[in-house]
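Colleague: with the sequence up front, the predicted model follows.
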Number of protein chains: 2
Amino acid sequence: MIEAQTLPRNETGIEAALGVLKQRFGEKFQTGQAIREQHAHTTTWIDNQPPDGVVWPQNSQDAAEIVKICANHRVPIIGYGTGTSLEGHLNAPAGGISVDFTDMNQILAVQAEDLTVVVQPGVTREDLNTHLRDQGLFFPIDPGANASLGGMASTRASGTNAVRYGTMKDNVLALEAVMPTGEIIRTARRAKKSSAGYDLTRLMVGAEGTLGLITELTVKLYGIPEAMSSARCSFPSIDAASQAVMATIQYGIPVARIELLDPIAVRAVNSYSKLDLPETPLLLLEFHGSEAGVAEQAELFGQIAEEFEGTGFEWTTSPEERTRLWKARHDLYWAVLALRPGSQSLATDVCVPISRLAECTVTALAKAKELGLIAPLVGHVGDGNFHVSPLIDMENAREVAASKEYVSWLAELAISMDGTCTGEHGIGQGKKPYLAKELGEGAVDVMRAIKSALDPQGIMNPGKIF
Amino acid sequence: MIEAQTLPRNETGIEAALGVLKQRFGEKFQTGQAIREQHAHTTTWIDNQPPDGVVWPQNSQDAAEIVKICANHRVPIIGYGTGTSLEGHLNAPAGGISVDFTDMNQILAVQAEDLTVVVQPGVTREDLNTHLRDQGLFFPIDPGANASLGGMASTRASGTNAVRYGTMKDNVLALEAVMPTGEIIRTARRAKKSSAGYDLTRLMVGAEGTLGLITELTVKLYGIPEAMSSARCSFPSIDAASQAVMATIQYGIPVARIELLDPIAVRAVNSYSKLDLPETPLLLLEFHGSEAGVAEQAELFGQIAEEFEGTGFEWTTSPEERTRLWKARHDLYWAVLALRPGSQSLATDVCVPISRLAECTVTALAKAKELGLIAPLVGHVGDGNFHVSPLIDMENAREVAASKEYVSWLAELAISMDGTCTGEHGIGQGKKPYLAKELGEGAVDVMRAIKSALDPQGIMNPGKIF
């Protein structure tokens, strides 16, 4: 693993808080080592920095009480949903308490007429969609993992559907949050739009738990489309596939999903999910609309694909076939790891303006090759967002060094193209070196000023973002 | 006029700043009374509180210099676009300097491939759309007035197209801003999505100039739809018209515009724009899409309208007819004022979840009648947003008192329905009493903490929002 920065621990405060929390929360507070380690960072190559204890609030008042206890003793607080974040967000570099929202998993109200739902932060996107299915509604944001809504809001998650439905920023209407003082606030009411003061909703979305704990979310829903079709098409090169994506977006085809897999990723999918896709660059697509609409969209895409030498273009409205393809896409993380057993996967997450997509994907793969890395590329390319994920033998110092060089080089490449070092994973610990490169010290100073104003003790998820 | 709150003036500082600005900006700095009054609040019934001087920056560096001069002398700074805001945003309750962005009206770059454009804050939405037309692109946000993009961002404006295209919050991708220190920051790069730190873009959008001056905007563009159709339909009651809107939205028809006019508003339009619409509740609609799509949408709406006893349903793709109807809608502000010459119009701006729309519109009109007010209703009802605008004889104390009662009552009604006191106009001076009622003191305290952290001297548009 790669060492994560440690921060000074307030031992006296931590000890005192552990005692108070144990007394107050009984069995809902745990300090066993396995549990603590499981609540720290467990994905990619960043070190595991366990908290000192884990507490399971049952409601917002519990969460507020936990924050007050920790604030009294100046002890760090780290929100926990499903543990699927990728940049070390869950680590406790100064120790502290992990607040696990698993028990706060109630769907509080579905307002079908308003296309909104109020949920607790521990509700996962799959649970939410299972609950909604009978009502013909769905929540579109799909980061791959079955993440919790609170966690998805905190990292400003998006994923495969974002090209059509936007990200968490676009789909969270209002939040309830416990601020660092322990006060519970509401950021907005349920009107579809409002100009009432600062946009606290979108300040908390993507704040990575550094400004408070999200204890309730009101999110937007959509009617399940009358028809959905999925399609796939192979291309002779990453450049050709990327050019086809750019043309599709620029033409204005309202694709619901458009995912690029490079040949290594296709090989991983074939092997893991027992498919026999041609092992060349592949686009997977999904279209939502009316029966006529999805047919029209698929055919339009087919014409564009042809222009860019796409082959094997197939589309289907068969639910089984759709599910098979998208299940394979969702399993890609595991499929890729299985390519090289024992290796560590490292997720990069750049996003560039769509006009720079082909240049960025081509350059990114060439550099990985130059550095001798096994680095599959998959991406939500309709947004200009993709992940190249080196598979690293952590015992091999050369590979580790090459990967470090690559992560840094790729972040800077995206920034040089007026893009971002992180489209959807967040800054956490892993992307801290690039934030100021992307936005300038001035913008980061503004963020720091907000952080200090709202959390003067620095107890909310310390060591992240800044 | 209604007296606006005044704040203590820093006379020494103001005098010093006036001298420095005069020396530095010459003819681009003016202190004549007429100019100063024209740069304060000139719409609705809030008092005019002129600044002490008006300065026209030519570029971002000028704006930064102005902020530094004012910061040195603790002098208020008030951004000015086109002067069309409605809640006293432009007033100078503590005196200070109006920063007029009229000269910063350049369209800096159209990135057609990315569907983005970079503009200076003084560009108006009509100028932008004129510039874009040849490229088949448009910027959809349309608050009625030919407002500047900087002003629209600052008030989180929306308007007739928001039901389909969202508000400024959804359409601003990145900003350049001068912060209260005089430092110029960028809030984001041009990637379609990013998780890089706090969402400063959306913090500045809707901040009403209280956190800094917007000096450049990157906003999203859309392809001009292949086809547009407009439609109108009359209804026997506000309830029936509102129910038709609710059904249209809940059915998922992607209307581009759906506007409600009550009989008084229709009468105003008929008289001002020489039309002969039936003087009953009226819906005006616009559909965007393919030829087949807009026909399908219009017909679907026609079926819904029939269910709610709609009559006189007509739709057309004729550009002349479309323009005639929407021109009339845009002139409504003047049309309504002409109903009662010499009266003052007062714009309310509530927005409720769509399921509460009919109840809210019906109750709102009944109360206006009960109070004896002449108060036309118009609204962007697809979002649950509408404006009841009492026409007030300011010499008539009873009418003034009744109007005050009405504004307050309506804001609280919307809040009681989980809505907002301001869908798109902002808080400014006029809606200050309702912010804490809507969001709670806790949320307002968080806003105040952010304000104090970023603007400790309180020089950016003081007396607004809080």
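Modeller: Arrived safely, thanks for sending. Numbers count the residues shown, from 1 in each chain, chains lettered A, B, ... in the order given.
Colleague: could you pull out the strands for the stretch 251-400 of chain A?
Modeller: Here the stretch 251-400 of chain A has its strands, by DSSP state E, counting those that start in this stretch, at A:257-261, A:282-289, A:311-316, A:344-345, A:350-351, A:377-380, A:385-388, A:391-392.
Colleague: quick one, phi psi at the closest residue to chain B within chain A?
Modeller: Residue of chain A nearest chain B, by CB to the nearest CB: A:A453 (3.4 Å). In short, each C-beta sits where N, CA and C put it, glycine included. Dihedral pair for A:A453: phi -70, psi -40, per degrees, to the nearest 10.
Colleague: what about it, how many residues nearby?
Modeller: Using other CB atoms under 10 Å in any protein chain shown, A:A453 has 18 neighbouring residues.
Colleague: how near is the residue lying closest to it once chain neighbours are set aside to A:D455?
Modeller: Nearest non-adjacent residue to A:A453, counting by CB to CB, 6 or more residues apart in numbering or on different chains: B:A453, 3.4 Å away. Distance, B:A453 to A:D455, using CB to CB, to the nearest Å: 11 Å.
Colleague: likewise for A:G96?
Modeller: 13 Å.
Colleague: what count of nearby residues applies to the nearest residue to A:F466 once chain neighbours are set aside?
Modeller: Leaving aside its chain neighbours, A:F466 sits nearest to A:R448 (5.9 Å; criterion: CB to CB, 6+ apart). By other CB under 10 Å, 16 other residues sit near A:R448.
Colleague: A:R448 contacts A:G458, correct?
Modeller: No - taking contacts as CB atoms under 8 Å, A:R448 lies outside contact range of A:G458: 10.5 Å.
Colleague: give me the contact status of the host helix or strand of A:A231 with chain B.
Modeller: A:A231 belongs to strand A:227-234 when assigned by DSSP states H and E. No - Strand A:227-234 stays out of contact with chain B when judged by CB under 8 Å from any CB of the partner chain, the minimum separation being 13.2 Å.
Colleague: count of neighbours near A:E279?
Modeller: 17.
Colleague: which ones are touching it?
Modeller: A:E279 sits next to A:263, A:266-267, A:270 when contact means CB atoms under 8 Å, 6 or more residues apart in numbering or on different chains.
Colleague: then A:P180?
Modeller: A:67, A:71, A:211-212, A:454-457, A:459-460.
Colleague: quick one, phi psi at it?
Modeller: When read as degrees, to the nearest 10, the backbone of A:P180 gives phi -60, psi -20.
Colleague: circling back: doesn't the residue nearest to A:F466 belong to a helix?
Modeller: Yes - remark: A:R448 belongs to a helix, assigned using DSSP: H, G, I helix; E, B strand; the rest coil.
Colleague: any idea how far it lies from A:T210?
Modeller: 10 Å.
Colleague: briefly note if the longest helix seen in chain A comes near chain B.
Modeller: The longest helix of chain A (DSSP state H) is helix A:397-416. Yes - applying CB under 8 Å from any CB, one finds that helix A:397-416 is in contact with chain B at A:414-415.
Colleague: what pLDDT, on average, does that helix get?
Modeller: The average of the pLDDT scores along helix A:397-416 is 97.
Colleague: just checking, next helix/strand downstream of that helix?
Modeller: helix A:432-439.
Colleague: and the strands of the stretch 251-400 of chain A, which one is worst for confidence?
Modeller: Mean pLDDT across the strands of the stretch 251-400 of chain A is lowest at strand A:344-345; the value there is a mean of 90.
Colleague: OK, contacts around A:L373?
Modeller: So A:L373 contacts A:390-392, A:399, A:402-403, A:406 (CB under 8 Å, 6+ apart).
Colleague: closest to B:P140 out of the residues you listed?
Modeller: A:Y406 (40.2 Å; CB to CB).
Colleague: the closest one and A:S389 touch, don't they?
Modeller: No - with contact defined as CB under 8 Å, A:Y406 does not reach A:S389; the gap is 10.4 Å.
Colleague: who has more neighbours out of these two?
Modeller: A:S389 (27 against 22).
Colleague: residue contacts, the more buried one?
Modeller: Neighbour list for A:S389: A:336, A:345-348, A:375-378 [criterion: CB under 8 Å, 6+ apart].
Colleague: go back to the residues you listed and keep what's next to chain B.
Modeller: When CB under 8 Å from any CB is applied, no member of the contacts of A:S389 is adjacent to chain B.
Colleague: just to revisit the earlier point, what is the longest helix of chain A packed up against?
Modeller: strand A:350-351, helix A:357-370, strand A:391-392, helix A:432-439 (3 or more CB pairs under 8 Å, 6 or more residues apart in numbering or on different chains; DSSP states H and E).
Colleague: for it, C-alpha coordinates in CSV please.
Modeller: What follows is helix A:397-416, C-alpha atoms only, in CSV (Å, rounded to 0.1, in the frame of the first residue of the first chain):
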residue,chain,number,x,y,z
ALA,A,397,9.1,-0.9,-7.0
ARG,A,398,9.4,0.0,-10.6
GLU,A,399,5.7,-0.6,-11.2
VAL,A,400,4.8,1.4,-8.1
ALA,A,401,7.0,4.3,-9.2
ALA,A,402,5.7,4.1,-12.8
SER,A,403,2.1,4.2,-11.5
LYS,A,404,2.8,7.1,-9.2
GLU,A,405,4.3,9.0,-12.2
TYR,A,406,1.3,8.0,-14.3
VAL,A,407,-1.4,9.2,-11.9
SER,A,408,0.3,12.5,-11.6
TRP,A,409,1.0,12.9,-15.3
LEU,A,410,-2.7,12.0,-16.2
ALA,A,411,-4.1,14.5,-13.7
GLU,A,412,-2.0,17.2,-15.2
LEU,A,413,-2.8,16.2,-18.8
ALA,A,414,-6.5,16.6,-18.1
ILE,A,415,-6.0,19.9,-16.4
SER,A,416,-4.0,21.1,-19.4
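Colleague: three-state assignment of the residue lying closest to A:P93 once chain neighbours are set aside?
Modeller: Among residues not flanking A:P93 along the chain, A:G463 sits closest, at 4.0 Å (CB to CB, 6+ apart). Following three-state DSSP, the label given to A:G463 is coil.
Colleague: ok, now how distant is A:G463 from A:A157?
Modeller: 21 Å.
Colleague: close to chain B: what parts of the stretch 151-300 of chain A are there?
Modeller: Applying CB under 8 Å from any CB, one finds that the stretch 151-300 of chain A approaches chain B through A:155-158, A:162, A:167, A:169-170, A:179, A:183-200, A:202-203, A:205-207, A:211, A:223, A:246, A:250, A:252.
Colleague: same question, the stretch 301-450 of chain A
Modeller: Neighbours of chain B within the stretch 301-450 of chain A, by CB under 8 Å from any CB: A:349, A:351-355, A:383-385, A:414-415, A:418-427, A:431, A:434-435, A:438-440, A:442-447, A:449-450.
Colleague: number of residues surrounding A:A34?
Modeller: 9.
Colleague: touching the strand or helix carrying it from outside, list them.
Modeller: Assigning secondary structure by DSSP H and E places A:A34 in helix A:33-38. Residues outside helix A:33-38 that contact it (CB under 8 Å, 6+ apart) are A:30, A:48, A:50-54, A:83, A:98.
Colleague: could you do stretch A:338-349 as well?
Modeller: With CB under 8 Å, 6+ apart, stretch A:338-349 has contacts from A:1, A:43-45, A:86, A:264, A:267-268, A:271-272, A:333, A:336-337, A:374, A:376, A:385, A:387-394, A:403, A:406-407, A:410-411, A:421-425, A:431, B:195.
Colleague: lowest mean pLDDT among the helices and strands of chain A, which one is it?
Modeller: In chain A, no helix or strand scores lower on mean pLDDT, DSSP states H and E than helix A:319-330, which sits at a mean of 87.
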